[in-house]
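1. Mind looking at a prediction? Sequence and model below.
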Amino acid sequence: MPVKILSVLPKSPCAKKGIKAGDTLVSINGNRINDVLDFRFYANEKNPVLEIAGENGADRRIKIKKGEYDETGLEFETYLMDKQRHCANKCVFCFIDQLPKGLRPSLYFKDDDSRLSFLFGNYITLTNLTEREAERIIEMHISPVNISVHTMNPDLRCKMMRNPAAGESLEYIRRFADAGIKLNTQLVLCPGINDGDELAYSLNKLGGMYPAVQSIAAVPVGLTRYRENLFELQAYDKESAERVIKTIDEFNASFLIEGKTKIAYPADEFYLKAGRAIPPAEDYGDFPQLENGVGLWALLKEEYLRALRAETTESRRFAAEKRQITVATGEAAFPLIKELVDETLKKCHNLKVNTIKIRNSFFGDKITVAGLLTGFDFTCQLAAQNLGEELLIPAVSLRREGDMFLDGLTLAELSNQLQVKITPVPNSGAEFLNAVLGRRA
């Protein structure tokens, strides 16, 4: 599928060869270009030969001279070069099916695109993967691949994902592992369905493909208040969350006895629901599953306290400007954020910080993570508060561009409604401390 070139970066290798916007990329080194994976793979060679069709239809072959790490300079209409692929499943736990009407249209699109796993770390189910695409992943050695497994029981996977292809697609995991492709895997757990003995089975089957399977994240199902006419599911409570942790601990213990590395992790939310202390940062290795909420708490705490210690050892007096601010976060993260702020206040008396827990009134009280807070939640619960000179909020509450909440309210609109400067803070301990102290990078 030839791809039209949207623009060419000035002074890039392709610009120097006279390639222009409106030209069409046909092939690289004789290989047809169908999408971004083909382009990234074949253009990565040092001096690729591009077949270009001009706007007048004439083809020409151009050898591009570039260094090993140089980009070609070509830009296309979309990063995928074609349409994003829609999910073919109807999972009983699908979060998108639990969204109310009236949100941003993009939120209702269910992606399940292997290319997004490569480009952005998205998790894919493999159910709409074609044989050609599977062979290409192996041929190009695309790694790691992030897979939403949920269960290694083929029959149960078909039932949970309501897709007859869900069971047989598990074979791709084995093929990728045999080819040496690194795999990060995810299990969205539903009480009484794929936990308990089924969880133990899935852990053992995935563990059998170690070291290709380098991490397994267990994530509790998220249930909003908009579950009318959907499959009946229960939320995790203290006892059921404790059982999940125990199952994973037993698996890890047997794994370590065999001289292997720990690969299975409960999401932070399981520890919070069970009322247990979250393990220290060193238990999470290289933090392979941060995007699934695994180790976020431990990493943020370690980074923040390290930065705080550095402040107090550089001088006897803690240097900070006098200021009054508010820090607002979700229910799950609130105990940690309050602990870190209180530690700071012990060392710096110029600061006044009001730490506020934001309940998710939009999606319902079963949703406690900061990443699903909406502008509505912040507006309703902070409108009557004295917020001081600045409001700090979690950056994960905003979309990738950092300017809009899930419900469509923009950061500027919220700032105007609350009449306060708002600063989104990423999940970085050092950046959080700097934000509390009023320092800018």
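-> Cool, the structure landed.

2. following the one helix or strand Arg243 maps to, which helix or strand shows up next?
-> Secondary-structure element containing Arg243, defined by DSSP states H and E: helix 238-257. Of the helices and strands lying after helix 238-257 in sequence (DSSP H and E), the nearest is strand 264-266.

3. re the thing from before, now do the buried residues in the helix holding Arg243.
-> Neighbour-count burial for helix 238-257, with 16 or more other C-beta atoms under 10 Å as criterion, is recorded at Ser240, Ala241, Glu242, Arg243, Val244, Ile245, Thr247, Ile248, Phe251, Asn252, Phe255. In short, each C-beta sits where N, CA and C put it, glycine included.

4. Determine the three-state secondary structure at Leu25.
-> Reduced to three states with DSSP: H, G, I helix; E, B strand; the rest coil, the structure at Leu25 is strand.

5. sorry, back to before: please identify which of the buried residues of helix 238-257 is nearest to Thr374.
-> For Thr374, the closest of those turns out to be Ala241, at 25.3 Å, with distances computed as C-beta to C-beta.

6. Surely that closest one is in contact with Ala267?
-> No - distance between Ala241 and Ala267: 9.9 Å, which falls outside the contact criterion (C-beta atoms under 8 Å).

7. what touches both of the two?
-> The overlap between the contact sets of Ala241 and Ala267 (C-beta atoms under 8 Å, 6 or more residues apart in numbering) consists of Pro220.

8. quick one: least confident helix or strand in this protein?
-> Taking mean pLDDT, DSSP states H and E as the measure, the helices and strands of the chain show their lowest mean at helix 114-120, namely a mean of 51.

9. which outside residues touch the helix or strand that that helix is followed by?
-> Next helix or strand after helix 114-120 toward the C-terminus (DSSP H and E): helix 131-140. Counting by C-beta under 8 Å, 6+ apart, helix 131-140 makes contact with Leu37, Asp38, Phe41, Ser114, Ile142, Val145, Tyr172, Arg175, Phe176, Ala179, Ile181, all of which sit outside it.

10. leaving aside the residues next to it on the chain, what's closest to the second one?
-> Right, the one you point to is Asp38. Leaving out its chain neighbours, the residue that sits closest to Asp38 by C-beta to C-beta, 6 or more residues apart in numbering is Asn31, at 6.6 Å.

11. gap between that neighbour and Ser240?
-> Note on Asn31: its distance to Ser240, by C-beta to C-beta, to the nearest Å, is 51 Å.

12. follow-up on the earlier one: just give me how far the helix holding Arg243 sits from the chain centre.
-> Centroid separation for helix 238-257 versus its chain: 24 Å, with C-alpha atoms, centre = their mean, to the nearest Å.

13. do the same with stretch 425-438
-> Mean C-alpha position of stretch 425-438 versus that of the full chain (C-alpha atoms, centre = their mean) differs by 20 Å.

14. Make sure I have this right: Ile5 is in a strand.
-> Yes - using three-state DSSP, the assignment for Ile5 is a strand.

15. Quick check: beta-bridge partners of it?
-> Using DSSP bridges, the bridge partners assigned to Ile5 are Phe76.

16. which ones are touching Asp59?
-> Taking C-beta under 8 Å, 6+ apart, we find Asp59 in contact with Val26, Glu51, Ile52, Ala53.

17. So which of those are in strands?
-> When DSSP state E defines the strands, the subset of the contacts of Asp59 inside them is Val26, Glu51, Ile52, Ala53.

18. Most neighbours among these, which one?
-> Ile52 (22 neighbours; other C-beta atoms under 10 Å).

19. Export the buried residues of helix 238-257 as CSV, with columns for distance to Arg306 and pLDDT.
-> Formatted as CSV, the buried residues of helix 238-257 follow (distance: C-beta to C-beta, whole Å; pLDDT from 0 to 100):
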residue, distance to Arg306, pLDDT
Ser240, 35, 98
Ala241, 29, 98
Glu242, 30, 98
Arg243, 34, 98
Val244, 30, 98
Ile245, 27, 98
Thr247, 32, 98
Ile248, 28, 98
Phe251, 31, 97
Asn252, 26, 96
Phe255, 29, 90
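
20. Dump these to TSV, plus distance to Thr224.
-> TSV is the format used below for the buried residues of helix 238-257 (distance: C-beta to C-beta, whole Å):
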residue	distance to Thr224
Ser240	19
Ala241	19
Glu242	24
Arg243	24
Val244	21
Ile245	24
Thr247	26
Ile248	26
Phe251	30
Asn252	31
Phe255	35
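
21. How about the secondary structure of the most centrally placed residue in the chain?
-> By C-alpha atoms, centre = their mean, the mean C-alpha position of the chain lies nearest to Glu291, the distance being 3.6 Å. Per three-state DSSP, the secondary structure class of Glu291 is helix.

22. For Phe270, see how far away it is.
-> Between Glu291 and Phe270 the distance is 16 Å, computed by C-beta to C-beta.

23. just to revisit the earlier point, quick one: contacts of the helix holding Arg243?
-> Helix 238-257 is contacted from outside by 189, 191, 195-196, 199-200, 203-204, 207, 210, 218, 220, 236, 261-266, 270-271, 273-276, using C-beta under 8 Å, 6+ apart.

24. Please report how far Gly207 lies from Lys260.
-> With C-beta to C-beta as the criterion, Gly207 and Lys260 are 8 Å apart.

25. higher neighbour count, these two?
-> Each of Gly207 and Lys260 had its neighbours counted (other C-beta under 10 Å), and the higher figure belongs to Gly207 (18 against 13).

26. Quick check: pLDDT value at that one.
-> What the model reports for Gly207 is a pLDDT of 97.

27. Identify the residue nearest it in space, chain neighbours excluded?
-> Counting by C-beta to C-beta, 6+ apart, Phe255 is the residue found nearest to Gly207 once chain neighbours are left out, at 6.0 Å.
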